[in-house]
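Colleague: What follows is a protein structure lacking sequence information:
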């Protein structure tokens, strides 16, 4: 009879366990029963089975695996004796391969048969119920995959892995149930049914043992936050074990900076509530005593360093509260100082002398002896497009130079400012071939420097906008910039081609050229709508060259040639009143300042700029200063003569934790030469003046700050009396610009979480202040009409007043408010004649002009803004509140721009 041994048979160890179980059962029988059992005759022992040698090994049931492959997994061999122990071992070996779901071994007088049932092949992996974690996040983390062999151990491991992924998301109530769907051809679909559950929040943070600082103050130092109404949008309210460990470090740092050198955390426990929805964190701390600095010394073995002089310059003094952060900063500062003298590998170590009797902490900074270090070589790695020389020329050190920490930092800043590589690039320092040699490595990661932008957007400044530009800031990997841009909106059109070579002929001299055409439509406001006034078309080019004078100071010279054509709509602003039969600009329709601006002119401009720049990054600075003074002189040929000067300055301060505070200011002045000195006529052309408003100074409309003329109509009030309309929505508003201006900005950039940072969101709060002024008060226009039917006069406030009457009447006067009367007959509407209106064709109504805004007093606005690098283009939104303004200024609280640069 064949001897069959299967996975369900009892092995020797199982039989031994059963024997032990029988003994245990017998132990529960009464003593009498045991005695009876002992007196009963023992059964005869079973005859021993004869040991047979294996004659053959046959494998059945295999589908994908070869029999020889299956036989190779076991130790049974033909000719060996077949024993139960050997059969047990063969079963274990086969199941250990995880290739089979069932195995049976039978022996028929030496003919061993191994019947196997192979594990199925996985057809596909299906995830159900996963909403918070997408498939592309889960599938790469699990072991099972299509066309692999199904094993239960892998399923269990994958379930644990998926649950772990959800725990990292703060979802500790997540559950995963694996299911198997049987298919034909021994295939299966594996389905993971996921119940994600709610995100486990931190309900409470308990701190035990703190006496000097409140729970709220200590919680404020932690990254993890308690849930609450004020933390609805905070990502720190979810539980994370890594974050909890980081919070312990934050607590230690906080106490050490406050002088508690013996502070320690006894325990930190996270308890999951029974409903698995929230965690309760409990920290048990021991604050210890507070220490003060004792004697602070510097012991230097470097010959260039005097320990006593260095100690006198240290920020901590004896008697100050101990601060571990200050000690770390001092070590960095001493290392940096040593680096400026060429000691790249200077070793600064603090030695602490803790006195528990008087609670003082004496510190001795020991600077070990080190050799002066020289740059052995500079390696540039990782650049596939950018040529080596583009990176090397930004180094302030050359091979063979003495090492200098400040020069290494400056090199890092210059390479970062290129904008070609990863953010936060750092020059790495490695030991050279000798103790006095160092290798500087620039391990760069190139990022795309080509920009193709096609955008359509809406701007509160220019309404509908279409913009297209293509620019390569690292053309052919040589650091050259080449670009082409086109833009179109209701009030501006432009096309420009530019090229810049930062190192001409590999010399430290930059050269650039721009060719452009710009069409600009100026406008005024009437009834809250903008009306085009003059059109300015500028065609020209600019050539510029720059040369560094020092490491931080450079000079840039430029030559610009512009051809300007300023024109007005003849149907709207021209008439034949001044010269019968000749269409000319009508000052009463357009305003004299616009009539003076029209014409074609050529500007030949020489410019010179001095620039001081210590910014850490020109693309997005966080520290440093930039100051520039630029002058322009127009008059080397051409028809326009003036001198213009501008001053720009900016300072950036990193405040820590991602906050960046900036102070920026600018100002300018322009003076014309060779103009006619006519009373009431300014020598500086309208198109050459300075203008202020959105977006330069937020809180005000475009060109909303500075000198302007308001034209107020005079109407019949319905009862035969003349009335001056002062409603701003019914008044024509023309901005005139100024010859002087200043502008200042205070701005604090506020950091957000990593998610918002990846989206490109950068909120800020700001204060803007500025003014533009300095033009002459426009003179009263004389009447150009026959019979004096349009009489210029002034109201009691001195504002120009233009009235239509049947004949010259010197008695026409006006108050400074809203009425016009006749001095001889106050009841007669003598100063508003319908006959005169008919004679003029009713094309020009009576009006009063008010000149306002010509004041250097500051206009001030505060607000909040957000920059967003959105998928459809850069986006800027601002909310501003005007604090100070002058009569005539146009304010605006909300502005946004899409598809334009900011």
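Modeller: Great, that's in hand. If you're wondering where the values come from, they're calculated on a predicted model, not measured in any experiment. Numbers count the residues shown, from 1 in each chain.
Colleague: in the stretch 701-850 of the chain, which ranges drop under the pLDDT threshold?
Modeller: 716-722, 753-760, 779-845 (pLDDT under 70).
Colleague: how about a cut-off of 80?
Modeller: 712-732, 752-761, 777-849 (pLDDT under 80).
Colleague: for the protein, longest strand please?
Modeller: As assigned by DSSP state E, the longest strand anywhere in the chain is strand 529-548.
Colleague: for the stretch 651-800 of the chain, what spans make up the helices?
Modeller: Taking DSSP state H, counting those that start in this stretch as the test, the helices found in the stretch 651-800 of the chain are 754-759.
Colleague: residue ranges for the strands of it, please.
Modeller: Taking DSSP state E, counting those that start in this stretch as the criterion, the stretch 651-800 of the chain contains strands spanning 659-672, 708-716, 722-724, 732-735, 740-749, 761-773, 790-794, 800-804.
Colleague: that older thread, which neighbouring elements make contact with the longest strand of the chain?
Modeller: Helices and strands touching strand 529-548, by 3 or more C-beta pairs under 8 Å, 6 or more residues apart in numbering; DSSP states H and E, are strand 510-526, strand 553-568, helix 592-597. (Each C-beta comes from the backbone N, C-alpha and C, glycine too.)
Colleague: so which of the ones you listed is the most packed in?
Modeller: helix 592-597 (a mean of 20; mean count of other C-beta atoms under 10 Å).
Colleague: Let me know the next secondary structure element after it.
Modeller: strand 599-613 (DSSP states H and E).
Colleague: What angle do strand 553-568 and that next one make with each other?
Modeller: Using axes from the mean of the first three to the mean of the last three C-alpha atoms, to 10 degrees, the inter-axis angle of strand 599-613 relative to strand 553-568 is 160 degrees.
Colleague: Show the average pLDDT along the helix or strand following strand 599-613.
Modeller: From strand 599-613 onward toward the C-terminus, using DSSP H and E, the following helix or strand is strand 624-638. The pLDDT scores in strand 624-638 average 93.
Colleague: hmm, which helix or strand of the protein has the shakiest average pLDDT?
Modeller: Within the chain, no helix or strand scores below helix 12-27, which has a mean of 31 by mean pLDDT, DSSP states H and E.
Colleague: buried residues in the strand or helix carrying residue 285?
Modeller: Following DSSP H and E, the helix or strand that holds residue 285 is strand 278-286. The neighbour-count check on strand 278-286 (16 or more other C-beta atoms under 10 Å) flags 278, 279, 280, 281, 283, 285 as buried.
Colleague: Kindly report the same for stretch 335-342.
Modeller: Result for stretch 335-342 [16+ other C-beta under 10 Å]: buried residues 335, 337, 338, 339, 341, 342.
Colleague: per-residue confidence averaged over that stretch?
Modeller: Stretch 335-342 comes out at a mean pLDDT of 87.
Colleague: sorry, back to before: and the buried residues of strand 278-286, which two are the farthest apart?
Modeller: Spatial extent of these (C-beta to C-beta) is set by the pair 278 and 285 at 22.4 Å.
Colleague: number of nearby residues for residue 226?
Modeller: By the criterion of other C-beta atoms under 10 Å, residue 226 has 19 neighbours.
Colleague: So it, which state does it fall into?
Modeller: With DSSP: H, G, I helix; E, B strand; the rest coil as the basis, residue 226 sits in coil.
Colleague: mind listing what it touches?
Modeller: Residue 226 makes contacts with 202, 203, 204, 205, 219, 237, as judged by C-beta atoms under 8 Å, 6 or more residues apart in numbering.
Colleague: go on, residue 204?
Modeller: 226, 280, 281.
Colleague: Dump these into a markdown table; add distance to residue 597 and pLDDT as well.
Modeller: Formatted as a markdown table, the contacts of residue 204 follow (distance: C-beta to C-beta, whole Å; pLDDT from 0 to 100):
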| residue | distance to residue 597 | pLDDT |
| --- | --- | --- |
| 226 | 64 | 84 |
| 280 | 74 | 92 |
| 281 | 71 | 93 |
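Colleague: Which of these sits closest to residue 211?
Modeller: residue 281 (19.6 Å).
Colleague: and the closest one, how far is that from residue 208?
Modeller: 11 Å (C-beta to C-beta, to the nearest Å).
Colleague: same deal with residue 297?
Modeller: The spacing between residue 297 and residue 208, counted by C-beta to C-beta, is 39 Å.
Colleague: Between these two, which is the more surrounded one?
Modeller: Counted by other C-beta under 10 Å, residue 297 and residue 208 do not tie: residue 297 has more neighbours, with 17 against 12.
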